[in-house]
Structures are given as C-alpha cells and as structure tokens.
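> mind looking at a prediction? Sequence and model below.
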Amino acid sequence: MAISEVEYKKEKRILSKVHKLLGNRLEELGKDVIKDEDNLKEFKKMMWENANDFDEGEAQQVMYATALEADKAYKKQQYFKKLNGIKNKPYFASIVFKDDEGEIFNIYMSLTYLKDDDTNNILYDWRSPICSLFYDYETGPCSYKAPGGVYTGELKRKRQYKIENNKLIGVFDNSLNIDDEVLQEVLSQESSDKMKHVVNTIQQEQNKVIRNLEDNNIIVQGIAGSGKTTVALHRIAFLLYQIKNLSSNDILIFSPNNIFTEYISEVLPSLGEDNTLQTTFADYLSSFLDEYKEVENFTDFVSRYYSYSETDTELVKYKQSDQIIDDLDAFLADYTSKCKFTSDFKEGEKNLILKSELNQMLHERYEKLPLFERLEEMAEKLSSNYYKGSSKKVNTFLKLFNKNSNFEKDYKKIFKDFFLSEYCRIKITEKQIESFINKDIINYEDALIYTYIKGNLEGFLYEGRVKQVIIDEAQDYNRLQYIIINNIFKKADFTILGDINQNINPYYQYKSLESLKDLFKGDTIYLELLKTYRSSPEIIDYTNKILNLKHVNAIRKNTNKPVVIRKGIENLKERLLEDINTLKQNYKSMALITKDAKEAEKIYNLIKDNIDISLVGANSKKFQKDLVIIPAYVSKGLEFDSVIIYNDRNNSYKKNERNLLYVACTRAQHELYIYN
C-alpha cells in the first residue's frame, strides 16, 4: 500500500540522515583500519628485533597481546566491509513496535547495524531479535524473544523500501500477506547466475527454520521452490550472528554437486559473512578412503541407472538398503570375535609375550575400542611396560602382532569377505566382487559400505571443530550415510533439508524425512515448507500431476502462459532453435534439460553450431545460465527463467522415473516447454 506524500518526504529525510551518518562512519573506520594495520606491522617488527631479549613467559604474553590486537583489527575490517556493502542501500524495511509499557520503537532493518555518536541504534541487523517481528507478524498483538526474556506489545506498522544508489524509489506499507508488492516484484525478476539473499522477503514459515535456536537439529521437508537452500544459507548467517565464537570455518555444507556449490557461493558474502566449508559427500569420503584414487560422485552413480549402464540393479539396491546395515553389523561382530593371536612370541632376548595375555587384552581390556585401535593401545602399553614408551618399539610390537595373529589390516580383503560371507543376502561370485573392489575409482555405493567397515574397525574420522553441519538434498542420502556422518561429526548440530518428491536416488526412498529424527542426538524438530516461490501456477499445476500432488501452493501470480507440449516433431533441430530463440528474447536464463548425459551431448552436438550454448555435466564447476544443456540429475537445486524438457522417444521417462521428470520440470520459473 502506497504511503502519503507527507510520509514519503519524511522517509526521504531519514534516508538522507542515514546516508550522511553512514558516510561519516565509513570514513572514520577506514582511517582506523589503516592505522591498525600500521600499528600491527610496527608491533611485529619490534617483536622480531627484540626477540632475544624476552624470556619464554614474556614472549608468550607479547604473542597473546598481538593476537588480541590482530583479532580486534580483523573485526573492525569485517564491519567496515559490511558497512561498505550497504552504502548504496542502507536498509530495506522498518517496523514500529509499541511495547506494553507504551514505549514506541521505530526499527530500521539492514544487513548490519549502525549506531549514532551516542551509540543508539540507527539501523538494526535483520538477525536481531526485535526484527523477527517483521517476518512473523501482521500488524497487531505480537511478541519476540531476546536474551532478556519475552517482550510483548503491538506491531503498529510494517514498511518496505526500494532504494537504489541512495535514492528512495518506492515505499510500501504491508501486512504479512504473501502476495505483497515487494515479494511479487522479486518473484517476477529474471534469475541470475548466482543465488541471491532474500532478507527483504523471508516468509513466516521460512523464518521458523532460520531463527530456531531451541533445537539442536532441524529436519526440513520442503517442496520444490520453497527456498530450502536459501533458508539454509540465511540460517547459517543467523547462527553466526547469534552463537558466540561460531565462525564460518566451524560450519560444513554438504552440497549435491560442484555446480551447486558455485551457484550458492555469493549468498553468505552478500549477507556480510564468509563462505563456510563446502564439499560433496563423495569428495569428503575420498580423504578417508586412501586405498582408492577417488570416490565416484553421486551424479555419476545415479547416471549409471538412468542411462541403463548398471548391469546389476538388485545388487546396488541391496548395497543401498537399510538391511545391509544390520548385515554389516553382524558380520563385523563375528569377524572381530574370531580375531585372535595364534602364538606366543619373544620381543628381544628376555621378553616373552604370551598369546593368552594378548587375547585377554584384545577381547576384554580394550574391547570398547575399534579393533585396530585396540592394537595401537596394546602396542603402546607393552612398549611402556618393557621399553619406557619408546615409539620405535610401538611399531615393532605392531609388526609382531600382525605376524602372530589370524587377522590383518586389509580392508579390501575384509570388504570382499563380507560379500562371500553368510551375512550377505545376495550371493555373487568372487570374480564379480573383485570387479568392484579392484578399481581406481570406487563406486559410490561401495564407498559407503567400505567407509562403514573401515570406520567400525579403526574408528571414523573425527571432525571436532565442525559445530554445524548442513545437508542439502537430504532425500538422496540413505540411512547408512547418516550413521557415518553422525559418527564423524559427533559434536555438531545438524540442519537437514530435502524433499521426498525430488528423490533421484533410484535405489532408496523415504516415506517421510521425519523418520531420520531417531538418528540425531539432542532435540530434533521436523518442519515443513509447503509454499513454492519459484514456478508459475501453470507450471505448478502441471508438475503436481506428474506425482499426483495436491498440497503444493504456488505463490507467484498467474502468468497466463500454459505449459507448451511438443509432439510429433518432424524437424527437431529447426523446432528447438525456434523455441530457444523465442524464449531467449523474453528471458535472461534458459535450460534445455535432458534425461541423461548422453542425451544432453547428442542435443548439444545437434545445435551447437547454430547457437551459443553450454554443455553442463556432473564434473562442471562453473557455467553461465544464459543458455545451457544439462541432464536432469545435475540440475537439482538450480532454477531458470524458462526450461525446455527434452527426451527421445527411445529414452522416455518410465513410471519409476517420475521423480526425475518432476525435478527437471520444477526448475522452470516462468515458462516450460515439454518435448515428448
């Protein structure tokens, strides 16, 4: 709702005042930053020149003082960067809050805070407690939670601003109505190569996820286009603001592929925070499985299925199943119980080591430790008893253990033994087993099993520093993966986001992500995001029919552009080029999405000489969204203004591949063409 002329002039004066204050603060901070850098350089130079004059205690004190000053200087630099980032658009919204005592607060919301000379807040960081009122309430009775307790009162006004280069372009008073002017304007914009922050349009259901501090772990089921990834990144920014001593290096994001990692790379910096640690699950496992050159990525794993190049889908399904967890546990328990020392041995001339003593240590004294960790402890204990803890003798004992026992640390052999054992429910030949064990690049499904075996026998990698783990596309992870992740990140809290309707793992299905709750320690809450902000109502209506969905709510207004179906095409190249050119005239970004990589390459070769187009695959890291050809299973998490879905009549989507088609179609924002 537009405001009065009087109010508009008042807002222009406020913007001018803030702009002036912001400029002054930037000038002051800029001088301080330069001064701090010079002081630190001088301090370090003095330390170096006088290092010999300090005793150990004095040197440590000086180093500690230097570190404190460096930390202060760094924080000042970071704040300078944040203020510099908002200099052309200082704030995006304001609220007027009247508390129960009758005091009125006029709160202007920004990406960071700004105080006046009297240290009063002029701009409030959008993550501050009082700013939650803007996202959670319509005008009327309201409350917010802050460190001092719960504050209640009345929300008198909500206002949003459109500011460009410090000029007030528009001002709107609004309620929480999802169809407000600012949100619809944002949704109508063309998509960009990189995901952007959405602090000015965060919705109530999204805010519940972003600002949750009560629960250790959050599991989010969100439909396509509900903003799951955006919510996750804004949650990270919120946690960095709220949790003391939490830094970006304490947070790890598991992304579905490298393209997606690049796509989200600018969100946190645009919110004034450093990017976190990011990896794919396969890349992470590669550091643990040093017996293999690398681990097959998830995209190539599912590609084997959708391109019909996997020869034994039943075996892969078993490897991905929950059942194999029990089978592996039983096998490992049996394997460990049968491990023993088979003979006494001497270390040197005098020290006779009895096998009975060793077996007692192995199965009783150190039984709570992983098997091969027990050997390390035993070797250190014997070295301590006989050689005052000599590290050289530790290795000697380990070699003697290996020589005088019926087991050895050979994970490939143990891996093979499982598939030959009575515990494996699918019987396969030794030759078949060796075909997937003796490879440079271990298959994705085998890497999970191999990691589980190795982790149970020698201990999992322990990542004590990581305090927050974000898992995107959670529906594509099987239960075994979550068990592995929990064993690695024992001190971390988790934010798990996914959509069971977008599951493209053909071997594993969840009825509900809520079933993951029992896997996590601490308080765990399950939340749902049921509104989609990506696609037009016409596209949503079409995609709902693919999976027979009824609960998806489209927030975009009608575009009156129905989904276009192309059938019986005589000249494919001519028709494709015509549609591509038509869509490119109207939109900035466009994708031609195929069922698999082979089909993508075929269409790319068909039209590449006639139009500037990029071929995107599983191993691509960067790409321009202007015009791409991309397989459906690589397109996850991305969005485009317009999309053409292509599949050859000889490679059509089968009934059990509907989820993949759903993923492909829901990438479209404004227009969708189907070539079938």
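Thanks, I have it.

> hang on, residue 335 packs against residue 414?
Yes. Residue 335 sits in contact with residue 414 when judged by CB atoms under 8 Å, with a separation of 6.9 Å. Placement of C-beta: from N, CA and C, glycine included.

> what about residue 375, neighbour count?
By other CB atoms under 10 Å, the residues close to residue 375 number 24.

> so the spatially closest residue to it that is not a sequence neighbour: helix, strand or coil?
Excluding its sequence neighbours, the residue lying closest to residue 375 (CB to CB, 6 or more residues apart in numbering) is residue 401, at 5.5 Å. Classification of residue 401 using DSSP: H, G, I helix; E, B strand; the rest coil returns helix.

> state the number of residues packed around residue 401.
Number of residues near residue 401 (other CB under 10 Å) recorded here: 24.

> check what pLDDT it gets.
On pLDDT, residue 401 comes in at 94.

> contact partners for it?
341, 358, 375, 378-379 (CB atoms under 8 Å, 6 or more residues apart in numbering).

> now the residues you listed as TSV including secondary structure, distance to residue 638 and pLDDT?
As requested, these are arranged in TSV below (DSSP: H, G, I helix; E, B strand; the rest coil; distance: CB to CB, whole Å; pLDDT from 0 to 100):
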residue	secondary structure	distance to residue 638	pLDDT
341	strand	56	96
358	helix	57	96
375	helix	48	96
378	helix	52	94
379	helix	52	93
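
> in this protein, where's the longest helix?
Ranked by number of residues, the top helix in the chain under DSSP state H is helix 5-49.

> list the buried ones in the next helix or strand after that helix?
Once the chain leaves helix 5-49, the next helix or strand it forms, by DSSP states H and E, is helix 56-85. Using 16 or more other CB atoms under 10 Å as the test for burial, helix 56-85 gives 62, 73, 79-80, 82-83, 85.

> show me which positions of stretch 502-514 end up buried.
Neighbour-count burial for stretch 502-514 flags 502-508, 510, 513 (criterion: 16+ other CB under 10 Å).

> chain center to that stretch: distance?
Averaging C-alpha positions (CA atoms, centre = their mean, to the nearest Å) puts stretch 502-514 18 Å from its chain's average.

> now do the same end-to-end measure for that stretch.
16 Å (CA to CA, to the nearest Å).

> what of stretch 383-394?
Using CA to CA, the end-to-end distance of stretch 383-394 comes out at 6 Å.

> list the buried residues in it.
Across stretch 383-394, burial judged by 16+ other CB under 10 Å covers 383, 386-387, 393-394.

> where in this protein is pLDDT low?
Low-confidence segments of the chain (pLDDT under 70): 1, 38-40, 42-59, 62-66, 175-193, 389, 551-554, 556, 558.

> run me through the strand neighbours of the lengthiest strand in it, direction for each.
Looking across the chain with DSSP state E, the single longest strand is strand 149-164. Sheet pairing here is set by DSSP bridges, and for strand 149-164 it gives strand 93-99 (antiparallel), strand 140-146 (antiparallel), strand 167-173 (antiparallel).

> mind listing the residues bridging to residue 155?
Counting by DSSP bridges, residue 155 is bridged to residue 97, residue 140.

> what residues are up against it?
95-97, 133, 137-142.

> go on, residue 267?
By CB under 8 Å, 6+ apart, the contact list for residue 267 reads 194-197, 230, 233-234.

> go ahead and confirm residue 484 touches residue 455.
Yes. Residue 484 lies in contact with residue 455 (CB under 8 Å); the separation is 6.6 Å.

> so these two - more neighbours on which side?
Using other CB under 10 Å as the criterion, residue 484 and residue 455 rank with residue 484 on top: 23 against 17.

> tell me how many other residues surround residue 107.
Residue 107 has 18 neighbouring residues, counting by other CB under 10 Å.

> go on, residue 628?
The burial count for residue 628: 24, using other CB under 10 Å.

> give the contact list for it.
Contacts of residue 628 (CB under 8 Å, 6+ apart): 590-592, 613-616.

> ranges for the helices of the stretch 101-250 of the chain?
132-136, 181-188, 204-210, 228-242 (DSSP state H, counting those that start in this stretch).

> quick one: list the elements packing against the shortest one.
In terms of contact count using 3 or more CB pairs under 8 Å, 6 or more residues apart in numbering; DSSP states H and E, helix 132-136 is assigned the packing partners strand 93-99, strand 140-146, helix 204-210.

> chain center to the last one, what's the gap?
Put simply, helix 204-210 sits 17 Å off its chain's centre (CA atoms, centre = their mean).

> who touches it?
Residues from elsewhere that reach helix 204-210 (CB under 8 Å, 6+ apart): 132, 135-136, 176, 202, 218, 220, 226-227, 230-231, 234-235, 238, 495, 527-531.

> same thing with the first one?
Applying CB under 8 Å, 6+ apart, the external contacts of strand 93-99 come out as 104-109, 130-131, 133-134, 142, 151-161, 200.

> could you figure out how far that strand is turned away from helix 5-49?
On the basis of axes from the mean of the first three to the mean of the last three CA atoms, to 10 degrees, strand 93-99 is oriented at 100 degrees to helix 5-49.

> what residues of strand 93-99 count as buried?
93-97.

> kindly report the same for the last one.
Neighbour counts using 16+ other CB under 10 Å place 205-210 of helix 204-210 among the buried residues.

> could you dump it to PDB, C-alpha only?
Taking Å, rounded to 0.1, in the frame of the first residue of the first chain, the C-alpha atoms of helix 204-210 are listed here in PDB:
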ATOM      1  CA  GLN A 204       6.900 -16.700   8.200                       C
ATOM      2  CA  GLU A 205       7.400 -20.500   7.600                       C
ATOM      3  CA  GLN A 206      10.900 -19.900   6.400                       C
ATOM      4  CA  ASN A 207      11.700 -17.700   9.400                       C
ATOM      5  CA  LYS A 208      10.800 -20.500  11.800                       C
ATOM      6  CA  VAL A 209      13.600 -22.500  10.300                       C
ATOM      7  CA  ILE A 210      16.100 -19.700  10.100                       C
END
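
> returning to what we had before: widest-spaced pair of the contacts of residue 401?
The distance between the two most remote of those (CB to CB) is 12.7 Å, for 341 and 379.

> higher neighbour count, those two?
Taking other CB under 10 Å, residue 341 and residue 379 do not tie; residue 341 has more neighbours (24 against 20).

> I'd say the more buried one and residue 362 touch.
Yes. At 7.1 Å, residue 341 and residue 362 qualify as touching, with contact defined as CB under 8 Å.

> state the distance from the nearest residue to residue 154 once chain neighbours are set aside to residue 130.
Once flanking residues are discounted, residue 154 sits nearest to residue 98: 4.8 Å by CB to CB, 6+ apart. Noted for residue 98: a distance of 12 Å to residue 130, by CB to CB, to the nearest Å.

> spatially speaking, which residue is in the middle of the protein?
The residue lying closest to the centre of the chain (CA atoms, centre = their mean) is residue 253, at 3.4 Å.

> just so I know, which of the helices and strands packed on helix 132-136 lies nearest residue 299?
Of all the helices and strands packed on helix 132-136, helix 204-210 sits nearest to residue 299, with 26.7 Å by CB to CB.

> nearest to residue 564, of the contacts of residue 155?
When the contacts of residue 155 are compared for distance to residue 564 (CB to CB), residue 138 wins out at 38.8 Å.

> ramachandran coordinates for the closest one?
When read as degrees, to the nearest 10, the backbone of residue 138 gives phi -80, psi 170.

> count the residues that sit near it.
With neighbours defined by other CB under 10 Å, the count for residue 138 comes to 13.

> right, and residue 516 touches residue 482 too?
Yes. Using CB under 8 Å, residue 516 is in contact with residue 482, at 6.3 Å.
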